[in-house]
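Student: Got a predicted model here, sequence first, then my questions.
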Amino acid sequence: MVKALQYAFPGSPHLYCMIHCKDNMRQQMTKVGILVRARERILELIFGSNGVSSATDENLLDNKIAETMQYVNSQNLDINSTWMQNFFPKMKTNLQVMWQEKWLGKMLGIPVTIIANL
């Protein structure tokens, strides 16, 4: 389906579904044995109402990512490289589209990080 959309709408950005990203992240953290308390705190830092996904500009995004990674490091969790290389760039892509196309979130009354699932 991704290829079909790229063919039909060349040059359009690929938005990632943050609901699926959150579920995948939860599954991966469970798989590597991260305790429930730490796992839920990390998910809150990323997807919560004041988390990474709510950043309104690039500086705030960087600060929220740093806050999340500081928590991850303080818990001695070995997931830094995976997130930095895979997940945070996806979220940044979604947020950059939202910052440029402000109508996206307003149109449905929900954050753009969830719009890709609709």
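Tutor: Perfect, thanks for sending it. These numbers were taken from a predicted model, which means no experiment stands behind them.
Student: Please identify which helix or strand holds the residue nearest in space to the middle of the chain.
Tutor: Nearest to the geometric centre of the chain sits M91, at 3.8 Å (Cα atoms, centre = their mean). For M91, the element it lies in under DSSP states H and E is helix 88-100.
Student: Can you give me the buried ones in that helix?
Tutor: Buried residues in helix 88-100, defined by neighbour count with 16 or more other Cβ atoms under 10 Å: F88, K90, M91, K92, N94, L95, V97, M98. C-beta coordinates here come from the backbone N, C-alpha and C atoms, glycine included.
Student: Next: stretch 48-57.
Tutor: Here stretch 48-57 shows G51, V52, S53, S54, A55 as buried, counting by 16+ other Cβ under 10 Å.
Student: and the residues you listed as CSV, adding distance to L35?
Tutor: Shown next, in CSV, are the buried residues of stretch 48-57 (distance: Cβ to Cβ, whole Å):
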residue, distance to L35
G51, 19
V52, 21
S53, 23
S54, 25
A55, 27
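Student: right, and out of these, which lies closest to I19?
Tutor: Within those, the smallest distance to I19 is 10.8 Å, found for S53 (Cβ to Cβ).
Student: ok, now how distant is that closest one from T68?
Tutor: To T68, S53 is 11 Å away according to Cβ to Cβ, to the nearest Å.
Student: what residues are shared contacts of those two?
Tutor: Common contacts of S53 and T68 (Cβ atoms under 8 Å, 6 or more residues apart in numbering): I46.
Student: From the rest of the structure, what touches the lengthiest helix in the chain?
Tutor: Ordering each helix of the chain by length in residues (DSSP state H) puts helix 58-74 first. Surrounding helix 58-74, the residues in contact under the criterion Cβ under 8 Å, 6+ apart are 41-42, 45-46, 51-52, 54-55, 79-80, 83-84, 88, 92, 95-96.
Student: Would you map the helices across the protein?
Tutor: 2-8, 18-31, 36-47, 58-74, 80-82, 88-100, 103-108, 112-115.
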